[in-house]
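[1] pasting a predicted model and its sequence here:
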Amino acid sequence: MAGRTAGDARPQTERLHGPLGLVAKYFSPLLVTYANYLITDKVMFGSDYPAITPERWLRDFDEMGGFREEIRTKILHENAARLLGIDP
């Protein structure tokens, strides 16, 4: 079955995104590691609004942990500010 793994009958999009959209608590540990060390300047906040509100996404992001504090700041603000050319 394309897009499915053994033991999980849900389509891959639902496993990774939850039933409504990409939820922070479903981030893989590999993504967290890459964001913390290898792609620190390339990761930005985004929600699947209106399916997932920014408040829900941020709450899940805070609860999941794993991101270093200086990386959280980059993800939530600094990287987007740099991309848009505005003062962080």
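    Ah, there it is. On a predicted model such as this, the values are computed, not experimentally measured, just so you know. Residues are numbered from 1 along each chain as shown.

[2] contacting residues for the most centrally placed residue in the chain?
    Geometric centre of the chain, nearest residue: residue 24, 4.6 Å, by Cα atoms, centre = their mean. Counting by Cβ atoms under 8 Å, 6 or more residues apart in numbering, residue 24 makes contact with 57-58, 60-61, 64. (C-beta placed from N, C-alpha, C; glycine too.)

[3] run the last query once more with 7 Å
    Residue 24 is in contact with 57, 60-61, 64, counting by Cβ atoms under 7 Å, 6 or more residues apart in numbering.

[4] give me the subset of those that lies in helices.
    57, 60-61, 64 (DSSP state H).

[5] quick check: what element follows the lowest-mean-pLDDT helix or strand in the chain along the chain?
    Least confident element among the helices and strands of the chain, by mean pLDDT, DSSP states H and E: helix 12-17 (a mean of 48). Counting by DSSP states H and E, the next helix or strand C-terminal to helix 12-17 is helix 29-37.

[6] what pLDDT, on average, does that next one get?
    Over the span of helix 29-37, the pLDDT mean works out to 92.

[7] buried residues, that helix. List them.
    Residues 32, 35-36 are the ones in helix 29-37 that count as buried (16 or more other Cβ atoms under 10 Å).
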